[in-house]
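Visitor: Quick one, structure for this:
(one chain, ligands or ions: 1)
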Amino acid sequence: MMAMPLTLSVLALFALLFVLSNNGAEASHKIYSHYQTLSVENVNQVHRTGYHFQPPRHWINDPNAPMYYKGLYHLFYQYNPKGAVWGNIVWAHSVSKDLINWESLEPAIYPSKWFDNYGCWSGSATVLPNGEPVIFYTGIVDKNNSQIQNYAIPANLSDPYLREWVKPDDNPIVNPDANVNGSAFRDPTTAWWADGHWRILIGSRRKHRGVAYLYRSKDFKKWVKAKHPLHSVQGTGMWECPDFYPVSLSGENGLDPSVMGQNVKHVLKVSLDMTRYEYYTMGTYDKKEDKYFPDEGLVDGWAGLRLDYGNFYASKTFFDPSTNRRILWGWANESDDPHKDKDKGWAGIQLIPRKVWLDPSGKQLLQWPVAELEKLRGHNVQLSNQMLDQGNHVEVKVITAAQADVDVTFSFSSLDKAEPFDPNWDKLDALDVCAQKGSKDPGGLGPFGLLTLASENLEEFTPVFFRVFKAADKHKVLLCSDARSSSLGKELYKPSFAGFVDVDLTDKKLSLRSLIDHSVVESFGAGGRIAISSRVYPTIAVFEKAHLYVFNNGSEAITVENLNAWSMNTPVMNVPVKS
Ligand code: DQQ
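Guide: A predicted model of the protein is given here:
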């Protein structure tokens, strides 16, 4: 197994413990049987989100098979209809015209046949060239969580709501062969077409090696395993929810999954069960060899690029032909324990869908909340040219700070005061650097940023902030979303999520956008070059008692060049579609 730096192994251990207690993944495919039949009459509203997607009650996890069909966006998601912990998984279904307002439908896929009697786990949609959608999903066939891959098709293609799905009797489409670990074989991708064959990936592991198995089909019915996987990496453990897609080398437009050629790079993303983070590389897809080669210099595994440096998992992208975007969706788990989830009657949210495209440097992806979100913006407050000396914090008043969208650009006149970067930090996860150098510890260039979900006297707050360091050859910019002071509540997981962002500081500016929504702070640094999502549970800073501040605790004075904050309205959500 690949040697992990100490802090990463501690992180992995912690993540494992976290998963064991909390999550919808392999280790946690544990059933809390005594919590499965609770009727949730009193759903606790305090930390429910206002504009992030969640159903009225119960547990949710992975977004499944997002797609656009006949004018509607479809979101399916893993859902427990009986409780607020993982179990009894079905595919719940909601539709939207704008990715923001949602109507609900009856579950689309649920255990009903021998090939999925013990659960309908994650999967993807492929819209065929004739416009017909097909869903691939993982069926659980016994109590040991043995996994096979199935397909489902709409009962009525003229229904834009795609209310009813049929699981034909010639299922499954893929059985694990003798060389495959049948209880770690799941989450089929959207299919792509190349040289006379359709292809899909299925996530797996062989001992400790993370694997994306490749299957091919000429007719979309008979699927044959390729001789070798598309890609695999020793020591990375189970690869859940793989996602593989082309991105354009020029411009922000998304591409259909089958687009290949000169102007295209491929992205492979995997959800690493061992760390509960999502990693991706960009690289070359050799369609003759059916192999994927990550670009040189990109790290393939633990320490690689992450889609989000916080609570964001089991994500999936899809191509939206109506706007030519590739859209990314991820799930954010709760950060408290299952007993609390049971008490509050719900668990899990979907983060705001993000447009995703390749940075012009070709070295990373960029992400930005879909533009439709801006329709929810209500009352607006602006700050401009607000100077922040060391120790200052200034309130951004008269917005609903518990449910807001904030977009701010900070500037500074010099990089000279950046603190030295300790070379030992290279071995640490950024989260540990943030734990050592938090928002309160005075610095040079930073810490500066936002204090979100803050109580008036700062007993509670979630700071989202930059701290700039000077390493031997360049500056390193840390973005933290630090939950350690977020709540006076006990027994919460309060991580100091953080990542280093590769950004050009020539113009001496750093921008930050945070979507604040009662128990989630979803942040995008440096124009979408980094994203961090935190789940937090303030006890004082709730509803109208939540405040928002800009702050600086560095000796270099910071200017809030321009800040826009909006109260966010609540969209339509969970309104049943009229039949
Ligand atoms: N959740 C699903 C699995 C997937 C995991 C089960 C990821 O298909 O691997 O609910 O969160």
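
Visitor: C-alpha only now, for contacts and for neighbours.
Guide: Fine.

Visitor: neighbours around residue 570, how many?
Guide: 16 (other CA atoms under 10 Å).

Visitor: host element of it?
Guide: In this structure, residue 570 sits in neither a helix nor a strand according to DSSP states H and E.

Visitor: got a list of what residue 47 touches?
Guide: Taking CA atoms under 8 Å, 6 or more residues apart in numbering as the criterion, residue 47 is in contact with 518, 519, 537, 542.

Visitor: quick one, domains of this protein?
Guide: According to automatic domain parsing, the chain comprises the domains 6-20+56-369, 377-569.

Visitor: Put together a markdown table for those, with mean neighbour count and distance to the ligand on each row.
Guide: Listed next are these as a markdown table, based on neighbours: other CA atoms under 10 Å; distance: least, CA to the nearest ligand atom, whole Å:
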| stretch | mean neighbour count | distance to the ligand |
| --- | --- | --- |
| domain 6-20+56-369 | 20 | 4 |
| domain 377-569 | 21 | 16 |
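
Visitor: out of those domains, which comes closest to residue 579?
Guide: For those, distance to residue 579 was read as CA to CA. The smallest value, 9.5 Å, belongs to domain 6-20+56-369.

Visitor: what mean pLDDT does the closest one have?
Guide: Domain 6-20+56-369 shows a mean pLDDT of 94 in the predicted model.

Visitor: Would you report which members of the contacts of residue 47 are assigned to strands?
Guide: Among the contacts of residue 47, DSSP state E puts none in strands.

Visitor: from these, which ones fall inside helices?
Guide: If you go by DSSP state H, the contacts of residue 47 have nothing in helices.

Visitor: Quick one: distance of the helix or strand encompassing residue 203 to the chain centre.
Guide: Following DSSP H and E, the helix or strand that holds residue 203 is strand 197-206. Using CA atoms, centre = their mean, to the nearest Å, we find the averaged C-alpha position of strand 197-206 to lie 21 Å away from the chain's own average C-alpha position.

Visitor: Which strands or helices does the next helix or strand after it pack on?
Guide: Toward the C-terminus, strand 197-206 is succeeded by strand 209-217 as the next helix or strand (DSSP H and E). Contact partners of strand 209-217 among helices and strands, from 3 or more CA pairs under 8 Å, 6 or more residues apart in numbering; DSSP states H and E: strand 197-206, strand 224-225, strand 231-233, strand 239-248.

Visitor: ok, residues contacting strand 209-217?
Guide: Contacts made with strand 209-217 from outside it, assessed by CA under 8 Å, 6+ apart, are listed as 197-205, 223-226, 228-239, 242.

Visitor: Please give me every residue in contact with residue 372.
Guide: Residue 372 sits next to 98, 99, 100 when contact means CA under 8 Å, 6+ apart.

Visitor: Show me the helices in the stretch 251-400 of the chain, by range?
Guide: Along the stretch 251-400 of the chain, the segments classed as helices by DSSP state H, counting those that start in this stretch run 338-344.

Visitor: Sticking with residue 435, tell me its helix or strand.
Guide: Going by DSSP H and E, residue 435 is part of helix 430-436.

Visitor: I'd like the average pLDDT over that helix.
Guide: For helix 430-436, mean pLDDT is 97.

Visitor: quick one: strands adjacent to the helix or strand just after that helix?
Guide: Read in the C-terminal direction, the helix or strand following helix 430-436 is strand 445-454, with elements assigned using DSSP H and E. The strands beside strand 445-454 in its sheet (DSSP bridges) come out as strand 462-470 (antiparallel), strand 547-552 (antiparallel).

Visitor: now what about strand 445-454, what contacts it?
Guide: With contact meaning CA under 8 Å, 6+ apart, strand 445-454 is reached by 401-402, 415, 417-419, 438-441, 460-469, 486, 512, 516, 518, 521, 538, 541-542, 546-556, 558.

Visitor: Stretch 161-171: how far from the chain's middle?
Guide: Remark: stretch 161-171 is offset 28 Å from the chain centroid, using CA atoms, centre = their mean.

Visitor: next one: stretch 377-385
Guide: With CA atoms, centre = their mean as the basis, stretch 377-385 stands 28 Å off its chain's centre.

Visitor: Quick check: mean pLDDT of it?
Guide: For stretch 377-385, the per-residue pLDDT values average out at 98.

Visitor: cool, and stretch 394-414?
Guide: When pLDDT is averaged along stretch 394-414, the result is 97.

Visitor: Just the CA coordinates for it, please, in PDB.
Guide: Presented in PDB, the C-alpha positions along stretch 394-414 are these (Å, rounded to 0.1, in the frame of the first residue of the first chain):
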ATOM      1  CA  VAL A 394     -16.900  45.300   9.800                       C
ATOM      2  CA  GLU A 395     -20.500  44.000   9.700                       C
ATOM      3  CA  VAL A 396     -22.300  43.600   6.400                       C
ATOM      4  CA  LYS A 397     -25.700  44.700   7.600                       C
ATOM      5  CA  VAL A 398     -29.400  44.500   6.500                       C
ATOM      6  CA  ILE A 399     -29.300  41.200   4.700                       C
ATOM      7  CA  THR A 400     -30.600  37.900   6.000                       C
ATOM      8  CA  ALA A 401     -27.100  36.700   7.000                       C
ATOM      9  CA  ALA A 402     -28.300  33.100   7.600                       C
ATOM     10  CA  GLN A 403     -29.500  32.800   4.000                       C
ATOM     11  CA  ALA A 404     -27.300  34.900   1.700                       C
ATOM     12  CA  ASP A 405     -25.000  35.000  -1.300                       C
ATOM     13  CA  VAL A 406     -21.800  37.100  -0.900                       C
ATOM     14  CA  ASP A 407     -19.300  38.000  -3.600                       C
ATOM     15  CA  VAL A 408     -16.300  40.000  -2.600                       C
ATOM     16  CA  THR A 409     -12.900  41.100  -4.000                       C
ATOM     17  CA  PHE A 410     -10.100  42.000  -1.500                       C
ATOM     18  CA  SER A 411      -7.000  43.800  -2.500                       C
ATOM     19  CA  PHE A 412      -3.700  44.700  -0.800                       C
ATOM     20  CA  SER A 413      -0.800  46.800  -1.800                       C
ATOM     21  CA  SER A 414       2.100  44.500  -1.300                       C
END
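
Visitor: From the chain's centroid, how far away is that stretch?
Guide: Here stretch 394-414 shows a centroid-to-chain-centroid distance of 24 Å under the convention CA atoms, centre = their mean.

Visitor: can you check stretch 312-327 too?
Guide: For stretch 312-327, the separation from the chain centroid amounts to 12 Å (computed by CA atoms, centre = their mean).

Visitor: List of residues touching it?
Guide: In contact with stretch 312-327 (CA under 8 Å, 6+ apart) are residues 62-68, 240-241, 243, 252-257, 271, 276-278, 328-333, 351, 353-357, 370, 533.

Visitor: Mind checking which of those residues land in strands?
Guide: The subset of the contacts of stretch 312-327 that ends up in strands is 62-68, 240-241, 243, 271, 277-278, 328-332, 354-357, 533, with DSSP E as the criterion.

Visitor: hey, where'd the strands end up in the stretch 51-200 of the chain?
Guide: Secondary structure of the stretch 51-200 of the chain (DSSP state E, counting those that start in this stretch): strands located at 58-69, 72-80, 90-96, 103-109, 120-127, 133-140, 147-154, 165-166, 185-186, 192-194, 197-206.

Visitor: wait, which of these is closest to residue 338?
Guide: Smallest distance to residue 338 across the strands of the stretch 51-200 of the chain (CA to CA): 10.1 Å, for strand 58-69.

Visitor: Serialize the helices and strands packed on strand 209-217 to JSON lines and add fields for distance to residue 74.
Guide: Compiled in JSON lines, the helices and strands packed on strand 209-217 are given as follows (distance: least, CA to CA, whole Å):
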{"stretch": "strand 197-206", "distance to residue 74": "21"}
{"stretch": "strand 224-225", "distance to residue 74": "29"}
{"stretch": "strand 231-233", "distance to residue 74": "29"}
{"stretch": "strand 239-248", "distance to residue 74": "18"}
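
Visitor: Tell me what residue 558 is bridged to.
Guide: Under DSSP bridges, the beta-bridge partners of residue 558 are residue 388.
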